[in-house]
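Colleague: no sequence on this one, just coordinates:
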């Protein structure tokens, strides 16, 4: 069963610590995978050039739908784009639907969907955890033992998701609203 934020909220302190430790251990193991061990697979690398291209696409496709204030907010967001970060083998899509939990004891029973694996900033794998709240991400980062800016970068990647959804909606000519 997917670990929904409501399920996480029902966990007691001990269970939340176990959750953070399990995710932290999993990510540590994954992120330490040497590149030479998976060279035969087609895994792309996320570069800073991709963020520049993404920003240009947002400006070109999304800004016309936004108010000046909203565009200014997004400009400020892009000023904080993470740069010069380490690159590791990342899950690439560690979201609640991909974290399976045993409903009987609320422990993680598995992580699924490795189809979006990428060499990227390790903080990217923390982004989807923000749905569980600040303390959950903070606990996973502490268990993981990343650098001092890991939490901050993970929040940037989480916030970027809204822009990804906006752009995807416009590229598919789907109806969407920018009210939220």
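Modeller: Thanks, I have the structure now. Keep in mind it's a predicted model, so treat the numbers as computed, not measured. Numbering: from 1, shown residues only.
Colleague: list the contacts of the nearest residue to residue 115 once chain neighbours are set aside.
Modeller: Closest residue to residue 115 apart from its sequence neighbours, by Cβ to Cβ, 6 or more residues apart in numbering: residue 93 at 7.5 Å. C-beta here means a position set from N, CA and C on the backbone, and glycine is covered the same way. Listed by Cβ atoms under 8 Å, 6 or more residues apart in numbering, the contact partners of residue 93 are 113, 115, 116, 128.
Colleague: and if you look at residue 20?
Modeller: By Cβ under 8 Å, 6+ apart, the neighbours of residue 20 are 136, 139, 140, 142, 143.
Colleague: for residue 82, see how far away the residue nearest the centre of the chain is.
Modeller: Centrality entry for the chain: nearest residue to the mean C-alpha point is residue 127, 2.7 Å, by Cα atoms, centre = their mean. Distance of residue 127 to residue 82, given as Cβ to Cβ, to the nearest Å: 11 Å.
Colleague: spell out which residues are contacts of both of these two.
Modeller: residue 157.
Colleague: picking up where we left off before, OK, contacts around the residue nearest to the centre of the chain?
Modeller: 94, 154, 155, 157, 158, 160, 161.
Colleague: what about the nearest residue to it once chain neighbours are set aside, helix or strand, and which?
Modeller: Using Cβ to Cβ, 6+ apart and skipping residues adjacent in sequence, the residue nearest residue 127 is residue 157, 3.7 Å away. In the assignment (DSSP states H and E), residue 157 maps to helix 150-171.
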